[in-house]
Every structure is written in structure tokens, then in C-alpha cells.
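Enquirer: A predicted structure for the sequence below; I have some questions about it.
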Amino acid sequence: MNTAQYLDSTYLKTPEQSGISNEETLQKDKELAQEAIDNGIFAVMIRPDYVSEIKKYIQERNSNVAVGTVIGFHEGTYSVDEKLAEASKAIEDGADELDFVINYNAYLQGDIELVKNEFIACSRLSLEHHKVVKWIIEIAALSDAQIADLTKNISNWAEENFSEDDVSRIFVKSSTGFYKTTDGKPNGATFEGIKIMLDNAGKLPVKAAGGVRTPDDAEKMINMGVKRIGTSSALALIKNESSSEGY
């Protein structure tokens, strides 16, 4: 199995979170991009501030590695206008894929209209610019029933508002990797959570993010039906090694 073609190789720590400078963070992103170029990895997933430089870096090397970034990250509580503004800047900077954190707090509070409106507005902006859009639902914050319900809602909203071709470019994604859980519970993709997403995603592709740390786990996820895997251990997975990385 060519696992590399399913991988979004990810580095999403801010300089403050990692205790390094902007320049050092950019260098890490360049190393991530070069690793993807050298190993046939589908995409790199980085913070918005670095999209322009990394897009340029990849283009200069005549590579088709996709550049993805995160919007409303990681809490998802940004307003719709803030998410649209952040997405517009990322599109202008050359991002190929936009991974939005859905406002799952609003969903949990019962404000379904807010969640629906942000989904439609942000998806429309992305699709009008021919981008892939992914919606992170943060499964660690949800019950099994809520994972099913929110996934099904996103699927229904996509089919109601966009063409079949557009629907194929709207993913449901499991996790940010930054959610704080208690009692050692996983904060990323689990086989159980992904199965619920796949069972309720309809025509939408599913991305498993976080927690996929061994080649066997990656292969199992792919065989289950996921179309992409977000990981900070892409090289280990394709070299048939296990990783202790958190994402």
C-alpha cells in the first residue's frame, strides 16, 4: 500500500508553543516540505503565517505537494467573519487546502444555525477558489451520538448546498490534536470514532487526524475507508516505523 499518498504531514505548533523563533519555525516547515517532496507525501499542513513561504519553496522545486493550513484553530470559536478573513488570506497566500475547526462549542450548546451558517459560508469561499475544505469536528469533545449527528449534519448541508463535484472536495476530519482530555483518553482519531464518522459521512471523504502512530494503524484506517491521515509522524509511517509523537 502506498501510504504516503494518503498523508498530510503536519506541524502546527506556534513558535510560542514550541519555544522557538518564527525563523526556526519556518525552517521546520521547510524541512517538512522537503521531506514530503522527497518521499511522495501528499500534503504538508502548517500554520497560516507560513503558507506563502512554503508554497513558494515547493513551487521552486517543481513539486506538486499540496499546502494545507488550519482556520479557526484550535478552539473553533472564531466568528464566521474571522474565519472567512483568515481563510481569504490563506487562499491569497497560495493554500491548496483549508482545514476549518467547526464551532463544536456552539453545536454542543444547541446553536445549530450558527454551525450550519459557518459551514456554508466558509465552504463556499473555499470551493469558489477551487480549494479542498476539511471540517474538524473534534471527536474527543463529543459523545458517540454527537459525532454521528454532527457528521451527518455536515454531510446533509454539503449535499443540500453544493454540487456533487464540490461535495467530493469537502472532508469531515476528526481532530485538531490540541484538545485537552482527562484520564489519559485519546484526543485524536480512534478506530471507533472514525467508524462512526464513516458511517454518517455519506458522500463526504473522511480524514483521520492525530493518534495514527504505526504503519498498521495507518493501513487499518485506510482499509476502513479514510481518504487522508493527518500526522506529525509521516516519515515514520512510510518507513514502516512506529512513532511516539502525540499527533
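Expert: The structure has been received and is ready for your questions.

Enquirer: against residue 113, how distant is the most centrally placed residue in the chain?
Expert: Centroid-nearest residue in the chain: residue 99, 4.6 Å away (criterion: Cα atoms, centre = their mean). Look at residue 99 and residue 113: by Cβ to Cβ, to the nearest Å, they are 23 Å apart. The C-beta positions use only the backbone N, C-alpha and C, and glycine is treated the same way.

Enquirer: now name the helix or strand holding the residue nearest to the centre of the chain.
Expert: strand 97-101 (DSSP states H and E).

Enquirer: show me what that strand is packed up against.
Expert: strand 43-46, strand 66-71, helix 80-93, helix 112-128, strand 132-136 (3 or more Cβ pairs under 8 Å, 6 or more residues apart in numbering; DSSP states H and E).

Enquirer: and these: which comes nearest residue 209?
Expert: strand 132-136 (7.2 Å; Cβ to Cβ).

Enquirer: so, low pLDDT: which residues of this structure?
Expert: Residue ranges of the chain with pLDDT under 70: 243-247.

Enquirer: quick one, strands of it?
Expert: Applying DSSP state E to the chain gives strands spanning 7-11, 43-46, 66-71, 97-101, 132-136, 170-173, 206-209, 228-231.

Enquirer: alpha carbons only: can I get the third one in CSV?
Expert: Once non-C-alpha atoms are left out, strand 66-71 reads as follows in CSV (Å, rounded to 0.1, in the frame of the first residue of the first chain):
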residue,chain,number,x,y,z
ALA,A,66,-0.2,20.3,-1.6
VAL,A,67,0.0,23.1,1.0
GLY,A,68,-2.7,22.9,3.7
THR,A,69,-3.4,25.2,6.6
VAL,A,70,-5.8,25.5,9.6
ILE,A,71,-8.5,28.0,10.1
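
Enquirer: pairing partners for it, with directions?
Expert: Sheet partners assigned to strand 66-71 using DSSP bridges are listed as strand 43-46 (parallel), strand 97-101 (parallel).

Enquirer: dump the ones you listed into a markdown table; add distance to residue 61 as well.
Expert: Shown next, in a markdown table, are those (distance: least, Cβ to Cβ, whole Å):
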| stretch | distance to residue 61 |
| --- | --- |
| strand 43-46 | 13 |
| strand 97-101 | 19 |
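
Enquirer: so what's the residue count around residue 92?
Expert: 11 (other Cβ atoms under 10 Å).

Enquirer: re the thing from before, ok, and which of the strands paired with strand 66-71 has the densest surroundings?
Expert: Mean neighbours per residue, mean count of other Cβ atoms under 10 Å, is largest over the strands paired with strand 66-71 for strand 43-46, with a mean of 28.

Enquirer: ok, and what's touching that one?
Expert: 7-12, 29, 32-33, 36, 54, 58, 65-70, 96-97, 99, 228, 230 (Cβ atoms under 8 Å, 6 or more residues apart in numbering).

Enquirer: can you select the buried ones from those in PyMOL?
Expert: Applying 16 or more other Cβ atoms under 10 Å to those, the buried members can be selected in PyMOL as follows:
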select buried, resi 7+8+9+10+11+12+29+32+33+36+54+58+65+66+67+68+69+70+96+97+99+228+230
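
Enquirer: who touches stretch 130-139?
Expert: Taking Cβ under 8 Å, 6+ apart as the rule, stretch 130-139 contacts 66, 68, 70, 76, 91, 95-102, 104, 119, 122-123, 126-127, 147, 150-151, 154, 169-176, 179, 189-190, 193, 196-197, 207, 209, 228.

Enquirer: next: stretch 217-233.
Expert: 1, 3, 6-11, 42-43, 45, 134, 171, 173, 175, 177, 189, 191, 194-195, 198, 205-213, 237, 243, 245-247.

Enquirer: returning to that earlier point: residue 164: which of the helices and strands packed on strand 97-101 is closest?
Expert: Going by Cβ to Cβ, the one of these nearest residue 164 is helix 112-128, 12.2 Å.
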